[in-house]
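Engineer: Could you look at this predicted model? Sequence included:
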Amino acid sequence: QLQASGGGLVQPGGSLRLSCAASGSTFDKFAIGWFRQAPGKEREGVSCISHTGDTSHYSGSANGRFTIFRDNADNTVYLLMYSLKPEDTAVYYCGARWGLALLYPEAYDHWGQGTLVTVSS
């Protein structure tokens, strides 16, 4: 099971740290992705990381502002978000998949509940 947390209300230019915590002993076998869904829009990929943490990918909007990393000893993947913009407002979800880290949600088999990020002054 996956559980996302860390969302909240933040002013433009601010930062947040999202966490995706997993239960079970096979966490280090799964690639993890972060996705978001704004009202009226489709779910989109934000960032993803390989099971070892050696490889990561970012969407164009996240590149340079967000950082993903994982702590397999703690069964957690983090998404650091800086320089947040109002257009980053969405429900953020984490997903897990066996295999390569990919940025499209259709590739993911396991999902946690989302955490709401609101960027507003």
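Structural biologist: Sure thing, it's come through. Residues are numbered from 1 along each chain as shown.

Engineer: now stretch 7-15, how far from the chain's geometric center?
Structural biologist: Its chain's C-alpha centre and that of stretch 7-15 lie 16 Å apart, by CA atoms, centre = their mean, to the nearest Å.

Engineer: oh sorry, the question was meant for stretch 34-45
Structural biologist: Taking mean C-alpha positions (CA atoms, centre = their mean), stretch 34-45 and its chain are 11 Å apart.

Engineer: In terms of helices and strands, where is the residue nearest the centre of the chain?
Structural biologist: For the chain, the residue nearest the mean C-alpha position is Trp34 (2.4 Å; CA atoms, centre = their mean). Under the criterion of DSSP states H and E, Trp34 resides in strand 30-37.

Engineer: Contacts only, for Tyr82.
Structural biologist: Tyr82 is in contact with Ser15, Arg65, Phe66, Thr67, counting by CB atoms under 8 Å, 6 or more residues apart in numbering. (Glycine included, C-beta is placed from N, CA and C.)
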